[in-house]
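In: Sequence first, predicted model second:
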Amino acid sequence: MNSDTYEGSTQEALVYHHLQSLREQHRDELENIVRVLASITNISPEQVQPYMDTLLRQLVNKGLPKIFEYFN
């Protein structure tokens, strides 16, 4: 495994754990957001959820420091 692969997988693990933590801590708020989006778009919450997951992942990625840039 080269260092780029290791850094990428470590960053992905950090994002995954941070997402899991956010989902647990803010479950009610996130479910409410999905319900509101489903209501205003006239699609089911099940159809909205993948978009919400993607949006949250993108926002978390933006917010995490790029710690591995310091080692290159």
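Out: Received, thanks.

In: rest of the way, CA atoms for contacts and neighbours
Out: Fine.

In: What ranges does this protein have for its helices?
Out: With DSSP state H, the ranges of helices along the chain come out as 3-25, 27-41, 45-63.

In: helices or strands next to the second one in the packing?
Out: For helix 27-41, the packing partners by 3 or more C-alpha pairs under 8 Å, 6 or more residues apart in numbering; DSSP states H and E come out as helix 45-63.

In: The last one now?
Out: Packing partners of helix 45-63 (3+ C-alpha pairs under 8 Å, 6+ apart): helix 3-25, helix 27-41.

In: any idea which of those scores lowest on pLDDT?
Out: Note on the helices and strands packed on helix 45-63: lowest mean pLDDT is at helix 3-25, with a mean of 77.

In: Kindly spell out which helices and strands sit in contact with it.
Out: Using 3+ C-alpha pairs under 8 Å, 6+ apart: helix 3-25 touches helix 45-63.

In: chain center to the helix it packs on: distance?
Out: Mean-position distance between helix 45-63 and its chain equals 6 Å (C-alpha atoms, centre = their mean, to the nearest Å).

In: How about stretch 16-23?
Out: Centroid displacement of stretch 16-23 relative to its chain, using C-alpha atoms, centre = their mean, is 7 Å.

In: Give me the residues contacting it.
Out: With contacts defined as C-alpha atoms under 8 Å, 6 or more residues apart in numbering, stretch 16-23 is touched by Leu30, Leu56, Arg57, Val60.
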